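[1] Take a look and give me a structure for this.
(one chain, ligands or ions: 2)
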Amino acid sequence: MRAYLDLVRDVVDNGLDKGDRTGVGTRSLFGRQVRFDLQEGFPLLTTKRVHLKSVIHELLWFLSGSTDNRDLRERGVSIWDEWATEDGDLGPIYGAQWRSWRCPDGRVIDQLAELVETIRTRPNSRRLVVSAWNPADLPDESCSPQDNARAGRMSLAPCHCLFQFYVAEGRLSCQLYQRSADLFLGVPFNIASYALLTHLIADQCDLAVGEFVHTFGDLHLYRNHLTPEIVFAQLERTPKALPRLELKRRPETLFDYRFEDIEILGYDPAPAIRAPIAV
Ligand SMILES: Nc1nc(=O)c2c([nH]1)NC[C@@H]1CN(c3ccc(C(=O)N[C@@H](CCC(=O)O)C(=O)O)cc3)CN21
Ligand SMILES: O=c1ccn([C@H]2C[C@H](O)[C@@H](COP(=O)(O)O)O2)c(=O)[nH]1
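    Ligands and ions are numbered 1, 2, ... in the order given. Next up, the predicted model:
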């Protein structure tokens, strides 16, 4: 995970000060790319403990098509609390766009089910793309997340907004375009989440895993993370060997994985580093 620390160093050294929607302020760069060979291990940050339980539950929640924060809270995951209404509504965020993209003519498209079917039947396709960026459902940036959800809009615009798969030599690779990236808190979660998604889809399609390519638009460190206890403590740590991912069971479909099916072996990270989240 040296690549992650290099990104942090890049933003610290070369980023420009920039205001943002949350009012916190950032140091930011535009347009970067890193890649992880998933054969070399599971790309889970070792220079701080990442709460993988939240990552796994969040991905299974996206895959279930749910946008109800109560389903996450029931599993002890609170990472979406700040954006949900009191009854758990987040509006049509990832789960809705991935599994039930609404068309003007009333049709509903399950992008993930179609993706798996196309990888199986036409692995050479150059159209293995899923988009969460649905302009019709985007939030109004001048309203709160909760007011957007109440108006039937997304509470937060998709950050990991488009991804594409690629099959070659029996390996499945994934590239993500992330338009906006909170490098300290969000990105370690996003890397682990898409690496896991690639493993699950590869498992369903009888493929080995290839690479995860992570492409960034606005890549930023929030100003209140640029402290000796947070970002600079992270930069002083040395990466360790990566853990491995093991899937204990292959269910009927991509949508039937359970938390217990996913095991991470040999994860020996440095202690967690707490940081405030910008809402
Ligand atoms: N500013 C911001 N950054 C994000 O990464 C982000 C958002 N907003 N809004 C929507 C989701 C929610 N995500 C989150 C929210 C919180 C944590 C977080 O607080 N992580 C802590 C503890 C995690 C836990 O205990 O489960 C961490 O140390 O990683 C991470 C990702 C990712 N997204
Ligand atoms: O999966 C995620 C979700 C969100 N983020 C970060 C990126 C930004 O810091 C905020 C979103 O604010 P916008 O004004 O909509 O860009 O959340 C992330 O890194 N990963």
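
[2] of all of this protein, which residue lies closest to ligand 2?
    As assessed by Cβ to the nearest ligand atom, ligand 2 sits closest to residue 186 within the chain, at 2.4 Å. Placement of C-beta: from N, CA and C, glycine included.

[3] That residue: neighbouring residues, count only.
    Neighbour count for residue 186, taken as other Cβ atoms under 10 Å: 19.

[4] Next: residue 166.
    As a burial measure, residue 166 scores 18 neighbours (other Cβ under 10 Å).

[5] Excluding chain neighbours, what is closest to it?
    Nearest non-adjacent residue to residue 166, counting by Cβ to Cβ, 6 or more residues apart in numbering: residue 173, 4.5 Å away.

[6] Name the SS class of that neighbour, please.
    Classification of residue 173 by DSSP: H, G, I helix; E, B strand; the rest coil places it in strand.

[7] now do residue 272
    Here residue 272 takes the coil state, with states given by three-state DSSP.

[8] Tell me who's in contact with it.
    Residues near residue 272 by Cβ atoms under 8 Å, 6 or more residues apart in numbering: 48-49, 51.

[9] can I get those residues in CSV with distance to ligand 1, secondary structure and pLDDT?
    Listed next are the contacts of residue 272 as CSV, based on distance: Cβ to the nearest ligand atom, whole Å; DSSP: H, G, I helix; E, B strand; the rest coil; pLDDT from 0 to 100:
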residue, distance to ligand 1, secondary structure, pLDDT
48, 7, coil, 98
49, 8, coil, 98
51, 4, coil, 97
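
[10] Can you say which of those are buried?
    Among the contacts of residue 272, those buried by neighbour count (16 or more other Cβ atoms under 10 Å) are 48-49.

[11] In contact with the residue nearest to residue 166, which residues are there?
    With Cβ under 8 Å, 6+ apart, residue 173 has these contacts: 165-167, 198, 209-213.

[12] check which helix or strand covers the spatially most central residue of the chain.
    For the chain, the residue nearest the mean C-alpha position is residue 190 (3.0 Å; Cα atoms, centre = their mean). In the assignment (DSSP states H and E), residue 190 maps to helix 186-204.

[13] Now that helix: buried residues?
    Residues 186-204 are the ones in helix 186-204 that count as buried (16+ other Cβ under 10 Å).

[14] for stretch 151-171, same thing?
    Neighbour-count burial for stretch 151-171 flags 153-167, 171 (criterion: 16+ other Cβ under 10 Å).

[15] and the closest residue to residue 68 other than its chain neighbours, what does it touch?
    In space, and not counting its chain neighbours, residue 68 is closest to residue 88: 4.7 Å by Cβ to Cβ, 6+ apart. By Cβ under 8 Å, 6+ apart, the contact list for residue 88 reads 68-71, 73.
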